[in-house]
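[1] Build me a model:
(3 chains)
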Amino acid sequence: MTRTPFLRSFHWGSETTLRSLSFFYVGVLIILPIAAITIEALKGGLGPLWSNIITAQAIYAIKLTFITAFFMVIFNVITGIATAWVLVRYDFPLKNLMNALIDLPFAIPTVVTGIMLVALYGPRSILGGFLNKQGIEIVFDKPGIVLALMYVSFPFVVRAVQPVLQELDKDMEEAAKTLGARPLTIFRRIVLPTITTAILTGAALSFSRAIGEFGSIAIISGNIPYKTQVASVYIYGELESYNPQGALGLSVVLLICSFIILVLLNCLQVWSRKHEQVQ
Amino acid sequence: MKKMLIIGFTFLFVWISCKGRNTSGASSEVTITLGAYTVPKEAYEKDIIPAFQKQWLEKTGQSVRFVASYIASGAQSRAISSGFEADIAALSLEKDVERLREAGLITHDWKNKRFGGFVTRSVVVIAYRAGNPRNIRSWGDLAVEGVQVLYPNPKTSGGAMWDVAAIYGAALKMSEDEQGVQDKNFAYQLLKAIQRNVKVMDKSGRASVTTFENGTGDALVTYENEVLLRVKQGREMDYIIPEATILIENPVAVIDKNVDKHQNRRVVEAFVDFVLSPDSQKAFVSYGFRPVDSEVAAGIQAKYPTPRLQFDISYLGGWDSVQTEIFGADGIWTKILEELAHD
Amino acid sequence: MNRFNDRIKIEHKPHRLGKYILIITVAVWFFVMILTPIFGIVREAFGEGLDVFMATLTAQESIHSFVLTFWITAATVVINTIFGLILAITLVKQRFRGKLFMEGVVDLPFAVSPVVAGFMFILLFGPRGWIGSWFEAGGIKIVYAFPGMLLATLFVTLPFVAREIMPVLKEFGLQQEESAYVLGASAWQTFWKVTLPSVKWGLAYGITLTIARSIGEFGAVLVVSGSIINKTQTATLHIHQQFTDYNYIGAFSAAIILAMTSFIILTAMQRLYRRKGVD
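    Residues are numbered from 1 along each chain as shown, chains lettered A, B, ... in the order given. So this is what the prediction gives:
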């Protein structure tokens, strides 16, 4: 794909209009609100804010959030690639139905997701009761958090990888096959590099979603501080108990972390696309 | 094309603004906006509001329209103080109403009204499974190892602060009753032991009841009126009123700033008087509450016995003290959570 | 050539087993993970028969909440589509300082906890907020009314359209547009006849996601609306109210309607998307 140079002499006027409108949009909807909560958080001064943020409870909540999000992303990337592969490359009965249903988690309100997962895997259910006897707790414990995150973010990786797989030219794979390469090698050397960008996009979206997810986690987790309380639930608790400084301060910290990760992923995407083109 | 866009945007903007505009009704209709907490919704919507609408129409020929919101007490308090134009606040804790006074929305001395500004009462109780397999008779039985206890998160459910305050205060009260002096260490250890047995802290009291009904937990710490409401709705619930427990008192107050803006003071104050009248008090009783009206209360003593060691929030120093000493950053409950983290 | 193909087919045989295992694994995973919760919801909603199901759905608060959700979603789609296009075009086709920063900012709404999102808009647009105080003086209510709910929904759905269009715009490059300019088309004509059709499918998918998310939005709208019955209760808030009132049938039936609506929209999208593959 060759890059054509920008011809900036064209429509200079509408360029600035577009840019101003974009700044207005992003400014009013994202930047100003975030600035407002940052200033509100800083109202008591930087010192008290910092001691509010680095409470042991807050730190634990952030750690739990990032760890569960991380595990979820790993799971969803694996299942996402597998699902996309199966949907694009193979034909089987009810395939079109399954393809349509992939987006289902997006359609269900998160509160309802939480309730259903508790009903399915909770202490009263068949599966949940069985696992409980083995000593494994899903619902109200950490695995439940990962489960809920997996559900609400499921479509991201699948939908990101699918179109890329579809566009993929099979010639190189066929050639490799005739040369005797095993399918796993073909996948690793030929397919994987091409879909890496898409995987990263899906991973980034899943990850940010997981950081902010609240409705389903509030229900499926026990929400016990220092044990099963994630950042969004902790923040909610602080907001409700009239500690807006602590809540907002932590939110801003979370935002900065997510922002850094997202920018990193964006850079990775740019890098991998350049890499792609070289090949 | 550009012109069309500009016209379109202007139209959209005007339409959205109109959606937000306050529309004033005709003089034959008046509106009361009620900001309440979740629990009394059935009592207000099914009983008290319709009764008042009927009575007011007969008395003045004016029809009253009610606009109501029933969300968690703390959230409602915050909503009202940040712009929700409720005429009346009916909340769970007096602290949440005090906040409105501090924000300048209530300018009269609301506690100097009949019944001290309160409208309903209840007590904290312990519900257990049918047959009482864990043999729960009192707070101490919740501290036994292996008993799973449920109560909501005091941080997200202002009403849930009643539960923790009940446990802590009960321990103080019981030690005082036995030894003549409050044993703070005993109270601390008891609360810690019970908190250790809590595996799920729901967002609200209602969510706790639902979790309990869905099979989690051996014991549920909740308010008597919640249990009685479920019984009224057809669910079996076994519970015990501990010997020492806290008296819950729920306030109601007129919000002067909004009432003056809406110019409906006459009907709003009439509604508050109505809510405190014996008929309404009896209606509240039918939904599981205890009345503030002592005459009505006298008539139901058998069904709503007063616990021998009942205390109220002033026994613990009032809400401000409880907020800091129990739930604050260096508070007792906060410390307990930290200690339990290292177990 | 046929003998060549035969050899390839023979090579495939041992991999056939792997293919079936993969399909079955993915299908089972999908069924257990994604579908069983749905069955649970349906079973709960119809637990007391069809007439109770219909009665709860046709109650006044229920109908009002669906209508409100409809209007908020419609307005969100219109505004976020127009501005999403503007934003995407600006970010892809223009070079300016802070572009990578802007791109990261666009993803931020995903990472913000919904409760915090609602809180942000209360801070900014409440009667004492920076922007809100102006509107308050003019007698226009934003928070605890329709405009505030719209703003919160715009925020949480902002990334969808922009995010879906941008990769497509990047892929297509500027060749077609520059040809159009050279041939004398105005900026506006170029946009309508060249740019817009090229991003048709990304745009459609972005709009679909916006609709689905906006229908299901809960946390932010709960905070910003005050959940005033028959006034500011969206369908999700109505479901929440039903749960709080112990009306589980009411809650699950409304949830089914919501899920079905989102699902139908998503499926319709899938159909159109597949037809694109035929082109």
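[2] and stretch C:269-279, what's its mean pLDDT?
    Confidence for stretch C:269-279, expressed as mean pLDDT, is 59.
[3] Burial check on the residue of chain C found nearest chain B, number of neighbours?
    Chain C approaches chain B most closely through C:F146 (3.8 Å), counting by Cβ to the nearest Cβ. Any C-beta I mention is one placed from the backbone N, CA and C, and that applies to glycine too. Residues within reach of C:F146, counting by other Cβ atoms under 10 Å in any protein chain shown, total 23.
[4] Please apply the same query to C:G18.
    Based on other Cβ under 10 Å, the number of other residues close to C:G18 is 11.
[5] correct me, but it touches A:P183?
    Yes. Counting by Cβ atoms under 8 Å, A:P183 is a contact partner of C:G18 at 7.0 Å.
[6] hang on, the earlier thing: roughly how far does the residue of chain C closest to chain B sit from C:T69?
    Separation of C:F146 from C:T69 (Cβ to Cβ, to the nearest Å) stands at 12 Å.
[7] mind checking the SS state of B:L309?
    coil (DSSP: H, G, I helix; E, B strand; the rest coil).
[8] ok, then the element right after the longest helix along chain C?
    Taking DSSP state H as the criterion, chain C has its longest helix at helix C:60-93. Next along the chain after helix C:60-93, taking DSSP states H and E as the criterion, comes helix C:99-111.
[9] now that next one against helix C:60-93, angle please.
    160 degrees (axes from the mean of the first three to the mean of the last three Cα atoms, to 10 degrees).
[10] For the spatially most central residue of chain A, give me phi and psi.
    Closest residue to the average C-alpha location of chain A: A:S206 at 1.4 Å, with Cα atoms, centre = their mean. Main-chain torsions, A:S206, degrees, to the nearest 10: phi -60, psi -40.
[11] pLDDT score for it?
    A:S206 is assigned a predicted lDDT (pLDDT) of 90.
[12] C:Q233 is in contact with the residue of chain C closest to chain B, correct?
    No. C:F146 is not in contact with C:Q233 according to Cβ under 8 Å; the separation is 11.7 Å.
[13] Stretch A:28-36 and chain B, any residue contact?
    No. For a cut-off given as Cβ under 8 Å from any Cβ of the partner chain, stretch A:28-36 has no contacts with chain B; the smallest distance is 12.6 Å.
[14] what do C:F146 and C:Q233 both touch?
    Listed contacts common to C:F146 and C:Q233 are C:L68; contacts here mean Cβ atoms under 8 Å, 6 or more residues apart in numbering or on different chains.
[15] C:W134: neighbour count?
    12.
[16] Check which helix or strand it maps to.
    Following DSSP H and E, the helix or strand that holds C:W134 is helix C:132-137.
[17] After that helix, heading C-terminal, what element do we hit next?
    helix C:146-172.
[18] relative orientation of that following helix and helix C:60-93 in degrees?
    Using the same axes, to 10 degrees, the direction of helix C:146-172 lies 40 degrees away from that of helix C:60-93.
[19] Quick one: distance of helix C:146-172 to the chain centre.
    The gap between where helix C:146-172 is centred and where its chain is centred comes out at 8 Å by Cα atoms, centre = their mean, to the nearest Å.
[20] Equivalent analysis for stretch A:217-227, please.
    That offset, for stretch A:217-227, works out to 20 Å (Cα atoms, centre = their mean).
[21] interface residues of the stretch 151-279 of chain A facing chain C?
    Counting by Cβ under 8 Å from any Cβ, the stretch 151-279 of chain A sits next to chain C at A:151, A:154, A:159, A:166, A:174, A:177-178, A:183, A:201, A:204-205, A:208-209, A:211-212, A:214-215, A:231-232, A:235-236, A:239, A:244, A:247-248, A:251, A:254-255, A:258-259, A:262-263, A:266-267.
[22] can you give me phi and psi for B:F118?
    Dihedral angles (degrees, to the nearest 10) for B:F118: phi -100, psi 160.
[23] If it is in a bridge, with which residues?
    Under DSSP bridges, the beta-bridge partners of B:F118 are B:P251.
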